[in-house]
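Enquirer: one predicted model, sequence on top.
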Amino acid sequence: MALNFPNNPSVNDTYVYNESSWIWDGESWVSVNTGYSGVSAKSIIANTAPVSANSGDLWWDSENGSLKVYYNDEDSSQWVDTNQGTMGISGYSGISGYSGLSTKTTYKNLLINGNFDFWQRGTTQTVTGYGSDDRWHNYFNLLSVTHSAQGFSYNQEEVPGGPSYYSRTVVSNITNTTSCYCIKRQNLEYLQRFNSRPLTLSFWAKADSPKNISIACTRFFGTGGSTWDRFFVQKINVTSVWTKYTVSFTTGNLFGYTITSDNYISFEFWYSAGTDYSDVTGDLGQQTGTFDIARVQLEDGLVATDFEQRHVGEEYTLCLRYYEKSYGTCFNTAISYNAAYLQFSPIAFKVMKRTSGYSFSIDALTQYGLTGTLGTIASSRQTPWGFSPTYNLSGGSLGHGCLVIFQWSVDGEI
């Protein structure tokens, strides 16, 4: 039952209900209880200090959230804060959540897979082009070359930082001393980033016997742009012992060049060169033998710093922008949108690709429930986020679906 206080009360008027009493203090009805020593004590809730009070009265300051008691120390009377106790021990904060991979968008090392941790296409390559270590273009002509992944021993101390792998290139059987070459290079997007830019290339290297390695750069200005050019940086004497080498240089000015969208700059290790390339290699000459490199870093400035050891998950993600594969069997569905074609459901990528103009391959394809006979790939719908191939189909039936099982790879390298 709600309390029914009298209207228009006077100061010190009382109201009693069920053995409880309230008194009007001129501002509000306050509860009256029996205080210590028989003195009547009041409990008051207000946002300002009560005008009249007796020793022992309690006042809850509703504005500041504090409890006070009216205290008489024989010399004076005043409202004083009550002791509300000490703060308890802080509770357990719980386990921190997983922070995920870094969202860092710029890195010190401008190269990807400079530590040679990823070899998605294979660990051995004997043909020119991309075929083994991710992001590295192994480019050769008129000689025999084998590129391969080599492992460091767990307890080696020659190359610091505990790398797992290094790149080995074996050159043999030179068939033309004029036009032959063997180059290991990495092509980087957006040539405009390298306009008169001071850079330092650092790496560890050794050979089967004392040899030379030439460092050069090639600038491709894009289809329909200015003619590509190449400039020599430095020739380095390499021994049979792992040694760190550094080369500092400044890229050329881009003023006056015509640059289109598919441009790039290439940073190159030359292991062998015919006489046609003497000017861009510092007279490197034809060489055969074994060349090993590890922990390659390209960074801003003219001073080499320690190798940037990115998390393997981050490095793998950077590689996926250019090449990705299914790593095992992929299960998908397909449907005949007419009797002559079978359309695969979209295949999604883990990482957005550099371009929608990538090449792809479908391997080990089998199908279940297919009506008709499957032919070759007729076309493909491609975006940077995925693709959907269409196969020729003979004897198909409109609207019939099937299960397809296959492996796939996508190559969007420069």
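Expert: Ah, there it is. This structure is a prediction, so every number in the text was calculated from the model and none was measured.

Enquirer: what bridges to residue 362?
Expert: residue 408 (DSSP bridges).

Enquirer: what about it, how many residues nearby?
Expert: Number of residues near residue 362 (other CB atoms under 10 Å) recorded here: 19. Quick note: C-beta positions are derived from backbone N, CA and C, even for glycine.

Enquirer: again, but for residue 172
Expert: 12.

Enquirer: now do the contacts for it.
Expert: 143-145, 288 (CB atoms under 8 Å, 6 or more residues apart in numbering).

Enquirer: could you chop this structure up by domain?
Expert: 14-81, 124-320, 323-411 (automatic domain parsing).

Enquirer: quick one: the first one to chain centroid distance?
Expert: Which is domain 14-81. 64 Å (CA atoms, centre = their mean, to the nearest Å).

Enquirer: and what of the second one?
Expert: A distance of 24 Å separates the C-alpha centroid of domain 124-320 from that of its chain, computed with CA atoms, centre = their mean.

Enquirer: for it, how far is the first residue from the last?
Expert: Between the opening and closing residues of domain 124-320 there is a gap of 20 Å (CA to CA, to the nearest Å).

Enquirer: average pLDDT across that domain?
Expert: Throughout domain 124-320, pLDDT has a mean value of 97.

Enquirer: circling back to that earlier point, tell me which of the domains of the chain sits most buried.
Expert: domain 124-320 (a mean of 17; mean count of other CB atoms under 10 Å).

Enquirer: for residue 302, give me phi and psi.
Expert: Phi and psi for residue 302, reported as degrees, to the nearest 10, are phi -110, psi 20.

Enquirer: and it, what is it in contact with?
Expert: So residue 302 contacts 198-200, 248 (CB under 8 Å, 6+ apart).

Enquirer: just those: which are in helices?
Expert: In helices, judged by DSSP state H, none of those are found.

Enquirer: so which of the residues you listed are in strands?
Expert: 198-200, 248 (DSSP state E).

Enquirer: out of those residues, which one sits closest to residue 212?
Expert: Using CB to CB, residue 248 is the member of the ones in strands among the contacts of residue 302 that sits closest to residue 212, with 18.5 Å.

Enquirer: surely the closest one is in contact with residue 303?
Expert: Yes. Applying CB atoms under 8 Å, one finds residue 248 in contact with residue 303, separated by 7.4 Å.

Enquirer: shared neighbours of those two, which are they?
Expert: Joint contacts of residue 248 and residue 303 (CB under 8 Å, 6+ apart) are residue 200.

Enquirer: secondary structure element holding residue 278?
Expert: helix 278-281 (DSSP states H and E).

Enquirer: what comes into contact with that helix?
Expert: By CB under 8 Å, 6+ apart, helix 278-281 touches 214, 216, 230-232, 235, 270, 273, 284-285.

Enquirer: now do 7 Å
Expert: The contact list for helix 278-281 (CB atoms under 7 Å, 6 or more residues apart in numbering) reads 214, 216, 230-232, 270, 273.

Enquirer: what does stretch 66-74 give?
Expert: By CB under 7 Å, 6+ apart, the list of residues contacting stretch 66-74 reads 53-61, 77-82, 84.

Enquirer: next step: those restricted to strands.
Expert: Counting by DSSP E, the part of those found in strands is 58-61, 77-81.

Enquirer: quick check: the farthest pair among those residues?
Expert: The farthest-apart pair in those, when distances are taken by CB to CB, is 60 and 77, at 18.6 Å.

Enquirer: how about stretch 110-129: buried residues?
Expert: For stretch 110-129, burial by neighbour count (16 or more other CB atoms under 10 Å) applies to 110-121, 125.

Enquirer: in a markdown table: those, plus secondary structure and distance to residue 222.
Expert: Shown next, in a markdown table, are the buried residues of stretch 110-129 (DSSP: H, G, I helix; E, B strand; the rest coil; distance: CB to CB, whole Å):
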| residue | secondary structure | distance to residue 222 |
| --- | --- | --- |
| 110 | coil | 20 |
| 111 | coil | 21 |
| 112 | coil | 21 |
| 113 | coil | 24 |
| 114 | coil | 25 |
| 115 | coil | 30 |
| 116 | coil | 29 |
| 117 | coil | 31 |
| 118 | coil | 28 |
| 119 | coil | 29 |
| 120 | coil | 27 |
| 121 | coil | 26 |
| 125 | strand | 27 |
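
Enquirer: picking that back up, any chance of the contacts of helix 278-281 in CSV, with secondary structure and distance to residue 367 too?
Expert: Below are the contacts of helix 278-281 laid out as CSV (three-state DSSP; distance: CB to CB, whole Å):
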residue, secondary structure, distance to residue 367
214, strand, 52
216, strand, 49
230, strand, 48
231, strand, 53
232, strand, 54
270, strand, 48
273, strand, 50
